[in-house]
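K.L.:
here's my sequence, what's the structure:
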Amino acid sequence: MFRSVVFGLLLSVWLCAPLQAQETGEDFAVEVDKAKIMRLPRTASAVIVGNPAIADATVHDGRLLLITGKIFGGTNIIALDARGNVIVERDIQVRAPKMAAITYYRGGQQRSFTCAGTCEPTPSIGDDKDHFNTLLRQQKSKSEQGKDAALSD
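P.N.:
Okay, the predicted model is just below:
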């Protein structure tokens, strides 16, 4: 009887071990406005991002996540299987892009530029509100023109 109880306990520990969260000591880093792949050890049915304003996660297939950096900062991501068990729980760090950038200050106003050969205005957190909104409207208009052109082909 004692052997049966011990065997039962060992079997239950062994069967439950794969259901534990896969945690690593290292952060998952992605740059602002870029995407990075996160591979999962098994199929996920739900993915939760702690602060969706900082990063976004899209399930490409059950075992492949696309993590997109939105703004600088840190958050976490949790992937669950169909039974609600944690597959992965990791910290996400969204960092500045690895490119030349200039921040121009004039009076109390800030404007940001990204430089690769020439410097182009880039909307960035902390920029002058009017400048920021103008750039966003221009980017949206350009994106819509591209979509319209693609649909008319």
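K.L.:
what stretches of this protein score poorly on pLDDT?
P.N.:
For the chain, applying pLDDT under 70 flags the ranges 1-26, 153.
K.L.:
how is it carved up into domains?
P.N.:
Using automatic domain parsing, the domain ranges for the chain come out as 21-95, 100-145.
K.L.:
what's the closest of the ones you listed to Ser152?
P.N.:
Closest to Ser152 of the domains of the chain, according to Cβ to Cβ: domain 100-145, at 10.7 Å. C-beta: built from backbone N, CA, C; applies to glycine.
K.L.:
can you measure across that closest one, start residue to end residue?
P.N.:
Distance across domain 100-145, first residue to last, is 28 Å (Cα to Cα, to the nearest Å).
K.L.:
what does the helix or strand encompassing Asp148 rub up against?
P.N.:
Element membership for Asp148 (DSSP states H and E) is helix 129-152. When contacts are defined by Cβ atoms under 8 Å, 6 or more residues apart in numbering, helix 129-152 is touched by residues 109, 111, 121-124.
K.L.:
filter the residues you listed down to the buried ones, ChimeraX style.
P.N.:
The ChimeraX command for the buried members of the contacts of helix 129-152 (criterion: 16 or more other Cβ atoms under 10 Å) is given here:
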select :111,121,122,123,124
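K.L.:
thanks again, I'm all set now.
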